[in-house]
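Visitor: quick one, structure for this:
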Amino acid sequence: MLSLRAVAAALILGIAWPTFASRARAQASADLPLDDNAYYYIDALLARGALRSLSALERPYKVHEVAALLDRDSVARSTPMMRSFARALRTSMRKYDPRVSRPDTARAVMRYQIGGDVYATGQTSGIRELMLGDGKQGLDGAFDARGVAEGGPLAIVFRGGIDRRLMDDPQYWNPNPFLRESDDFRVTDGYVDARFPFAELFIGREARNWGPEAMDGLLLGHYAYTYDHFYALLGVRNLHYQILATRLNNEFVQPDTVAQRYFTIHRLAARVGPVEFAGEEAVVYGGPGRGFEVSYLNPVNLFTFSQLNEGIDGTKKLSAQVAVRTRSAGTYAAEVYLNDIQTGGCNPAILCKKPPSGGWTLTAEGIPFIGEQRLFASYTLVSFLDYRTDTPWEQYDYNYIGLGRGFSDYDEWRFGVDLAVVPGVPLKVYGAYRRQGQGDYLTPVPPADSFPLLPAFLFGTVEHVYRAGVTGAASFKWLDVSGDIGINHVTNYNHIAGVTHDDLAARIQVMLVWARIFGGALKAGHDDGP
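Guide: Predicted coordinates for the structure are as follows:
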């Protein structure tokens, strides 16, 4: 009779084997930045059954992985519209793929390229979340420089420049008051990434998103501006473990007292056929004079047990995710997040009356409609006390922007049609409805004696936002265009009862792209002959 250990080993081998060979040959690759036009095309192809092996629960994707899938995916070449999306995706990815400029270089040990962009952003809201547009109009110029080098298992990536739009964003914050007039210079991406057969090691900064692909993850989203972190992955595509650790901004708790702050999140993810599932555990901790805790850096530890066994302080959060990517009926995903789970007795007893906090997300993408058109829908909720703490150095944010979501105390419905009517231009026409309470994760948890009177969801005067809009992109050899244009109808505007407001809330970006200013390859040895 088979032992339990043998059954478990067979199960793990069965999950991991489909990607054993491909991971064993893992090579360096830059990541596709989450703000790139490429994701408009990836989403359009995914909605129509192409690129199905891409994860539905974690981004960014590797440039070489997407390119390889395009090469062998017959669905991506099935119709003229799909081929136009695939061509535009390849055009968009050229910026991060030095193999394109020198594909035939013999004995290359490293390929590299340098490029740059000049662009302008026109907007009617300084706040990036257009459902909460603030009416601050602007036309801001920007430029950046890009560098990518790849060789063997190693990738080195840089992207940074000046973006005047940052000065219009009320959530963008620099802790140094002497740099406020020049903090529009920013390194958006800068990292060294090493990939091995069953592991990946990363140090640097870029945006990551763990959760359903249609929106920010509840524990790790990409609404916060990029920050430096250490990241590691152990395993293969079908079964892997991930950890991210970083030092957050300091918190001044008194004029002469500074608290250090730290964030660690780890995740166990698996895939069986078309089904993906994952569990996450995150902790924010710190204090005056406190450093990194080894217990929170151990990649195979459980934060819950460290807190129970060693009594280590920290605000801990848990989430679970699941997604099903079907061949022709769309992708369906969910995430559930729980915070402040109370077990056993309470001291004082009133703490047991604290409103529960947590949230969830439900998404459906690529639902068949007419011809190549697809439907999509989503619902998400974040509770009143989400991400909040009564300890200032345990706030779940980086530079006062949430590490998961950028707002709390709200829910939102979104639905629409994913259109494939213009070659090379994916469009989504959508409607959305949002209820926004006055809860704010940047404020401390209310005093305990107020708990019996507090709601679990939607505190104060609730703002109701109705939006109709269209979003899309187009990528050409020298030009990228993207935008989201819509009309907002708001009742109880700015949380003032009875006030109604209608506004155009839009953002359009036009970018001149120079994918490769120069580049080349470093060779092993010397060429013999011509």
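Visitor: nearest residue to the middle of the protein?
Guide: In the chain, the residue lying closest to the centroid (CA atoms, centre = their mean) is residue 209, at 2.5 Å.
Visitor: now do the longest strand that the chain contains: which elements does it pack against?
Guide: The longest strand of the chain (DSSP state E) is strand 500-523. Counting contacts by 3 or more CB pairs under 8 Å, 6 or more residues apart in numbering; DSSP states H and E, strand 500-523 packs against strand 108-123, strand 479-491. Just so you know, the C-beta spots here come from the backbone N, C-alpha and C atoms, and that holds for glycine as well.
Visitor: show me where the stretch 301-450 of the chain has strands.
Guide: In the stretch 301-450 of the chain, the strands defined using DSSP state E, counting those that start in this stretch lie at 315-325, 331-339, 357-368, 374-382, 397-398, 401-402, 410-422, 425-436.
Visitor: and those strands as a markdown table, adding mean neighbour count?
Guide: Shown next, in a markdown table, are the strands of the stretch 301-450 of the chain (neighbours: other CB atoms under 10 Å):
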| stretch | mean neighbour count |
| --- | --- |
| strand 315-325 | 21 |
| strand 331-339 | 21 |
| strand 357-368 | 21 |
| strand 374-382 | 20 |
| strand 397-398 | 20 |
| strand 401-402 | 22 |
| strand 410-422 | 18 |
| strand 425-436 | 19 |
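Visitor: out of the ones you listed, the one nearest residue 449 is which?
Guide: When these are compared for distance to residue 449 using CB to CB, the nearest one is strand 357-368, at 18.2 Å.
Visitor: what's the model's confidence in the closest one, averaged?
Guide: For strand 357-368, mean pLDDT is 95.
Visitor: that one pairs with which strands, parallel or anti?
Guide: Here strand 357-368 has these sheet partners by DSSP bridges: strand 331-339 (antiparallel), strand 374-382 (antiparallel).
Visitor: for stretch 455-462, buried residues please.
Guide: 457-459, 462 (16 or more other CB atoms under 10 Å).
Visitor: still on that earlier bit, could you point out which of the strands of the stretch 301-450 of the chain sits nearest residue 289?
Guide: For the strands of the stretch 301-450 of the chain, proximity to residue 289 was assessed by CB to CB; strand 315-325 is nearest, at 18.8 Å.
Visitor: ok, that closest one: who's next to it in the sheet?
Guide: Strand 315-325 has its sheet partners listed here by DSSP bridges as strand 275-288 (antiparallel), strand 331-339 (antiparallel).
Visitor: okay, these in CSV with distance to residue 415 and mean pLDDT next?
Guide: Compiled in CSV, the strands paired with strand 315-325 are given as follows (distance: least, CB to CB, whole Å; pLDDT from 0 to 100):
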stretch, distance to residue 415, mean pLDDT
strand 275-288, 23, 93
strand 331-339, 14, 93
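Visitor: could the ones you listed be laid out in TSV, adding distance to residue 43?
Guide: TSV is the format used below for these (distance: least, CB to CB, whole Å):
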stretch	distance to residue 43
strand 275-288	17
strand 331-339	10
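Visitor: show me what contacts the residue nearest to the centre of the chain?
Guide: By CB atoms under 8 Å, 6 or more residues apart in numbering, the contact set of residue 209 is 34, 58-60, 216-217, 220-222.
Visitor: can you do 7 Å?
Guide: 34, 59, 216-217, 220-222 (CB atoms under 7 Å, 6 or more residues apart in numbering).
Visitor: got it, and residue 275?
Guide: residue 324.
Visitor: distance of it relative to residue 57?
Guide: As judged by CB to CB, to the nearest Å, residue 275 and residue 57 stand 11 Å apart.
Visitor: so which pair among the buried residues of stretch 455-462 is furthest apart in space?
Guide: 457 and 462 (9.8 Å).
Visitor: and residue 88, what helix or strand is that in?
Guide: Here residue 88 sits within helix 80-93, counting by DSSP states H and E.
Visitor: what comes up buried for that helix?
Guide: Buried residues in helix 80-93, counted by 16+ other CB under 10 Å: 81-82, 84-93.
Visitor: low-confidence ranges, the stretch 51-200 of the chain, go.
Guide: Applying pLDDT under 70 to the stretch 51-200 of the chain flags the ranges 101-107, 174-182.
Visitor: change it to 50
Guide: Within the stretch 51-200 of the chain, the ranges that satisfy pLDDT under 50 run 177.
Visitor: strands of that one, start to end?
Guide: With DSSP E, counting those that start in this stretch, the ranges of strands along the stretch 51-200 of the chain come out as 58-59, 108-123, 138-151, 154-163, 185-196, 199-205.
Visitor: now for the fifth one, which elements pack on it?
Guide: Looking back up the chat, that one is strand 185-196. The contact analysis (3 or more CB pairs under 7 Å, 6 or more residues apart in numbering; DSSP states H and E) places strand 185-196 against strand 154-163, strand 199-205.
Visitor: now the angle from the shortest one to strand 154-163?
Guide: Interaxial angle, strand 199-205 versus strand 154-163 (axes from the mean of the first three to the mean of the last three CA atoms, to 10 degrees): 20 degrees.
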